[in-house]
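Asks: give me the fold of what follows.
(chains A and B)
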Amino acid sequence: MVKVTIDGKQFEAKEGEMVLNVAQAHHIYIPTLCAHESVAPYGACRLCMVEITTKDGRSRMVTSCLYPVEDGLVVKTNTEKIAKHRQMLMKMLLARVPDSDLVRELAAKLGVKETPFPLEDHQKCILCALCTRACAEVVGQSAISLVNRGSEREMSIPFFDNSDACIACGSCAYICPTGAITLEDKGDTRTLKMPNNRMSFKMQKCAVCGKYFAPKKQLAHMSAQTGRPPEFFETCPSCRK
Amino acid sequence: MILKKLNSPQDLEKLRAAIAGGRKTDKLSVNICGGTGCTAHGSADVVKAFQEEITRQGFTDKVEVKVSGCRGFCERGTLVTVEPRGVFYQRVKVKDVPEIVVKSVIGGEIIDHLLYKEPQTRQHFVHENEVPFYAKQMRLLMANSGRIDPTSIEDYLHYDGYTALAKALYGMKPEAIIEEVKASGLRGRGGAGFPTGRKWESTRKAPGDIKYVICNCDEGDPGAFMDRSLMEGNPHSILEGMIIGAYAIGSSEGYIYVRNEYPLAVENATKAIKAAEALGLLGDNILGSGFNFHVKINRGGGAFVCGESSALMASLEGKVGEPRAKYIRSSEKGLWDRPTNLNNVETWANVPLIINKGAKWFASIGTKGSKGTKIFSLVGKVHNTGLVEVPMGITLREIIFDIGGGIPGNKKFKAVQTGGPSGGCIPEKMLDLPVDFDELTRVGSMMGSGAMIVMDEDNCMVDIAKYFIHFLMGESCGKCVPCREGNKRMYEILCRITEGKGEMSDLDLLEEICATMADTSLCQLGASAPNPVMSSLMYFRDEYIAHIKDKKCPAKVCKSLITYNISEKCPNCGLCVKACPVQAITPIAKKQPVVLDQSKCIKCGSCYDVCKLNCVIVK
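Replies: Numbering: from 1, shown residues only, chains lettered A, B, ... in the order given. Okay, the predicted model is just below:
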């Protein structure tokens, strides 16, 4: 265990734990849009930047989601300089996704009501990569990806084509913070809408209650992963004894 | 000569002695530059012409035709030296070959019209080292590349090649090598200037049995080509540096990451690896010492950001080339999470010199904080463009005016941009700045890779800033918000300003974006991207203001802010009328000035280019 000071308060933390996690565990607010407990830290949104002073007296700004704590570390989560940078980042994001409630609310919380930049009205995606990371790290499918680079970067399936690797589990839609990916179950069909793709999947009807409960592809994937026979997955979890 | 595997330093010395014995120093030869610059000038045809001419004249036994690596004076290619007298010919074409063979090689005469003439004084120079472009240089790394055939390991061995390796393996402990490199003061030539010895030390000390060394040859800065030139012209010097480094660090596997746009570099490095392996200078049991080291070449896919070390490693692993935060250093967790030491091409090439000549010698060159030489690619508005290797601490004025020969066309120097796209623009008042890592950073620019782009009064600084930001906007990986969105927004604002639609508040906004990008970007690409904007705002703010307030582009570059006008002197020669692609210019009467319809003019400048009487005036 190491001792760290965050905003004047001292805490004990496990060595190697990230500053953001230590702060969050003690209910100290640091804004972030790309950190999530289910996936590895990524460092794209830059909102969680904090100012640190290390034991040797060196001060600098670091990304709290990626900076492991060390003994004697002093962290300031909201200095004037950081507040200003966060505001600029929010102005950039606000111009990118002016329709996103999440971004608008966070901007307001950080003191930004409007952006000096021209608004882009056609998208909701902030390229936080939570969807692609969930698909790769949690589901293990890597069906979706961020394609192109620089200002051309977008969330898509490689080559903008529909994907055979997607099992329609919907993790991407579930984790997407801005609603850029949505999922709709209607009758026997699940539809996944992404910024550049739209895919439909057939659902499985429960052998007992007759309700459509999960995509067939996802159930086949679960069967292959667990080794249980496909028939096991023809019954919905509620009807399974 | 049959080359066998060398099993000891004695074997190496025997081979070197045999190579030296087989070479007569007074043998006649023509040495033609085969670097990429000269190849573009047609040097391959010149080589062929020499071979044919010498055969035709029956001098095959007497005269040797050699192809060397790059000599740096690319603007004057094809470069040819006639040995042993060392007569230096420039801009040699195929048609000059018979004359050179008969008169100069055999006849011993000097062909005046092929010599280098100083543009201002018209003075002629016979030998390479007298030419002002070379006279002020200190060519430690580049000298051999102009002498040796890069595809011949014998040539490299002849010029002390692999003697540093033998010395390191048999005369020095790994720790002593690291101490030597530390004492030399060598700093990374890739741009950041991190002390090389310290980097090696932390990789050596990092726990783990598998460690990697990497050579970064993913040179992407517009206008920079020193790494390419070294890799093409003297690949063994880099390889030797890497082997010594690997021995010091305790690594048995290395990679050369070279961009695929450098086919000759890939080819020559591949040949060098094979040749070194065949001689037992690379691979298992190097020189019989028991030390093993293997090198593989990995070709880059073309992303600028892959020159960034962590993005490069991601790319080597087969992933998308995106940087990561480096709070845990690559020396602890780099390639495949193993301790990894990455150095730039030029850094590696310095290593054999330091081992052979000693840290003290190396540290005697340069300034307090920056030791040794640095290769700059001098391009833009200068007479002598090419690669220049100079001791650290030389002034910008010496590089641009003494070596570079000043600005062509009697134009006035305006600024020099150092360090590639994310470097800064340094104004005339700072020309006496001694060039080293710390001084360049202090004035808002950086050493970067060593690109040096000279600009004159005809360059608009807002337009230049826009150009570099456009480059960075496209080359940002797009992972983090400040770099992806910030470059895009800066580009929008700069476009507005150059179109005459800017407002004074845009300058404040630019500065705010710059501050956030510099402090919050994930990697150095984003953090240094504001440099061209910040430095031009700092030193050339009046140009921004002229665009915004007066709606004028002082350098007359920005199309929206200029008009082309016909002077009263125009005699209606008709050239511009023909050249205009949109029929905006119409002749009225004989010997009367033509009329240019501004509403049709697309400001392409064709009329200005064709007018021989300076009757097209840009306002």
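
Asks: how about the residues of the stretch 251-400 of chain B by chain A?
Replies: Neighbours of chain A within the stretch 251-400 of chain B, by C-beta under 8 Å from any C-beta of the partner chain: B:303, B:305, B:320, B:324-325, B:327-328. Backbone N, C-alpha and C define where each C-beta goes, glycine included.

Asks: give the buried subset of these as a ChimeraX selection command.
Replies: Here is the ChimeraX selection string for the buried members of those, based on 16 or more other C-beta atoms under 10 Å in any protein chain shown:
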select /B:303,305,320,324,325
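
Asks: in JSON lines, list the residues of the stretch 251-400 of chain B next to chain A along with pLDDT and secondary structure.
Replies: As requested, those are exported to JSON lines (pLDDT from 0 to 100; DSSP: H, G, I helix; E, B strand; the rest coil):
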{"residue": "B:303", "pLDDT": "88", "secondary structure": "coil"}
{"residue": "B:305", "pLDDT": "91", "secondary structure": "helix"}
{"residue": "B:320", "pLDDT": "88", "secondary structure": "coil"}
{"residue": "B:324", "pLDDT": "89", "secondary structure": "coil"}
{"residue": "B:325", "pLDDT": "87", "secondary structure": "coil"}
{"residue": "B:327", "pLDDT": "87", "secondary structure": "coil"}
{"residue": "B:328", "pLDDT": "87", "secondary structure": "coil"}
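
Asks: what parts of the stretch 401-550 of chain B come near chain A?
Replies: B:473-482, B:484-489, B:492, B:509, B:512-513, B:515-516, B:519-522.

Asks: what residue in chain B comes nearest to chain A?
Replies: Residue of chain B nearest chain A, by C-beta to the nearest C-beta: residue B:478 (3.3 Å).

Asks: quick one: that residue is in a strand?
Replies: No: counting by DSSP: H, G, I helix; E, B strand; the rest coil, one finds residue B:478 to be coil, located in no strand.

Asks: give me phi/psi at it?
Replies: Residue B:478 adopts backbone torsions of phi 90, psi 10, taken as degrees, to the nearest 10.

Asks: centroid-wise, who is the farthest residue in chain A?
Replies: residue A:208 (35.8 Å; C-alpha atoms, centre = their mean).

Asks: wait, a strand at that residue?
Replies: No: read with three-state DSSP, residue A:208 is coil and lies in no strand.

Asks: surely it is in contact with residue A:237?
Replies: No: counting by C-beta atoms under 8 Å, residue A:208 sits too far from residue A:237 to count as a contact (10.9 Å).

Asks: spell out, range by range, the strands that occur in the stretch 501-619 of chain B.
Replies: B:564-566, B:585-586, B:595-596, B:616-618 (DSSP state E, counting those that start in this stretch).

Asks: for residue B:571, which non-adjacent residue is closest in space?
Replies: Once flanking residues are discounted, residue B:571 sits nearest to residue B:591: 5.6 Å by C-beta to C-beta, 6 or more residues apart in numbering or on different chains.

Asks: quick check: pLDDT value at the residue in chain A that chain B sits nearest to.
Replies: Residue nearest to chain B within chain A: residue A:153 (3.3 Å; C-beta to the nearest C-beta). At residue A:153, the model reports a pLDDT of 93.

Asks: just to revisit the earlier point, now, the residues of the stretch 401-550 of chain B next to chain A that are in helices?
Replies: Using DSSP state H, the subset of these located in helices is B:473-475, B:481-482, B:484-489, B:492, B:509, B:512-513, B:515-516, B:519-520.

Asks: buried ones among those?
Replies: B:473-475, B:481-482, B:484-489, B:492, B:509, B:512-513, B:515-516, B:519-520.

Asks: show me the shaky parts of the chain.
Replies: Because you didn't say which chain, this covers chain A. In the predicted model of chain A, no residue satisfies pLDDT under 70.

Asks: that's the wrong chain, I meant chain B
Replies: Within chain B, the segments meeting pLDDT under 70 span B:1-2, B:25.

Asks: how many residues are close by the residue lying closest to residue A:230 once chain neighbours are set aside?
Replies: Counting by C-beta to C-beta, 6+ apart, residue A:223 is the residue found nearest to residue A:230 once chain neighbours are left out, at 4.9 Å. Counted with other C-beta atoms under 10 Å in any protein chain shown, residues neighbouring residue A:223 total 16.

Asks: element containing residue A:223?
Replies: In this structure, residue A:223 sits in helix A:216-226 according to DSSP states H and E.

Asks: by contact count, what packs against that helix?
Replies: Judged by 3 or more C-beta pairs under 8 Å, 6 or more residues apart in numbering or on different chains; DSSP states H and E, helix A:216-226 is in contact with strand A:198-205.

Asks: would you mind giving the domain segments of the chain?
Replies: All of this is about chain A. A:2-78, A:130-234 (automatic domain parsing).

Asks: my bad, chain B
Replies: Split by automatic domain parsing, chain B gives B:27-131, B:153-363, B:373-456, B:461-548, B:563-618.

Asks: would you list those domains in JSON lines and tack on distance to residue A:118?
Replies: As requested, the domains of chain B are exported to JSON lines (distance: least, C-beta to C-beta, whole Å):
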{"stretch": "domain B:27-131", "distance to residue A:118": "42"}
{"stretch": "domain B:153-363", "distance to residue A:118": "26"}
{"stretch": "domain B:373-456", "distance to residue A:118": "24"}
{"stretch": "domain B:461-548", "distance to residue A:118": "7"}
{"stretch": "domain B:563-618", "distance to residue A:118": "25"}
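
Asks: quick one: residues contacting residue 141.
Replies: Using chain A. Residue A:141 sits next to A:135, A:165-167, A:169, A:221 when contact means C-beta atoms under 8 Å, 6 or more residues apart in numbering or on different chains.

Asks: the intended chain is chain B.
Replies: Each residue near residue B:141 by C-beta under 8 Å, 6+ apart is listed here: B:230, B:234, B:237, B:346, B:349-350, B:353, B:373, B:375, B:389.

Asks: distance check, it against residue B:529.
Replies: Between residue B:141 and residue B:529 the distance is 29 Å, computed by C-beta to C-beta, to the nearest Å.

Asks: the longest helix in chain A is where?
Replies: Under DSSP H, chain A gives helix A:80-96 as its longest helix.

Asks: beyond it, next helix or strand please.
Replies: helix A:101-109.

Asks: got the buried residues for stretch A:148-163?
Replies: Within stretch A:148-163, the residues that qualify as buried are A:149-151, A:153-157, A:163, counting by 16+ other C-beta under 10 Å.

Asks: for stretch B:113-122, buried residues please.
Replies: Here stretch B:113-122 shows B:114-116 as buried, counting by 16+ other C-beta under 10 Å.

Asks: from residue B:103, how far out is the residue nearest to residue A:230?
Replies: With distances taken as C-beta to C-beta, residue A:223 is found 85 Å from residue B:103.

Asks: need phi/psi at residue B:86.
Replies: Dihedral angles (degrees, to the nearest 10) for residue B:86: phi 70, psi 30.

Asks: residues contacting it?
Replies: Residue B:86 is in contact with B:127-128, counting by C-beta under 8 Å, 6+ apart.

Asks: and it, how far is that from residue B:126?
Replies: Distance, residue B:86 to residue B:126, by C-beta to C-beta: 8 Å.

Asks: who in chain A is up against chain B?
Replies: For chain A, the residues found near chain B under the criterion C-beta under 8 Å from any C-beta are A:42-46, A:49, A:61-63, A:66-68, A:81, A:84-85, A:88-89, A:92-93, A:95-96, A:116-118, A:126-127, A:129, A:146, A:148-153.
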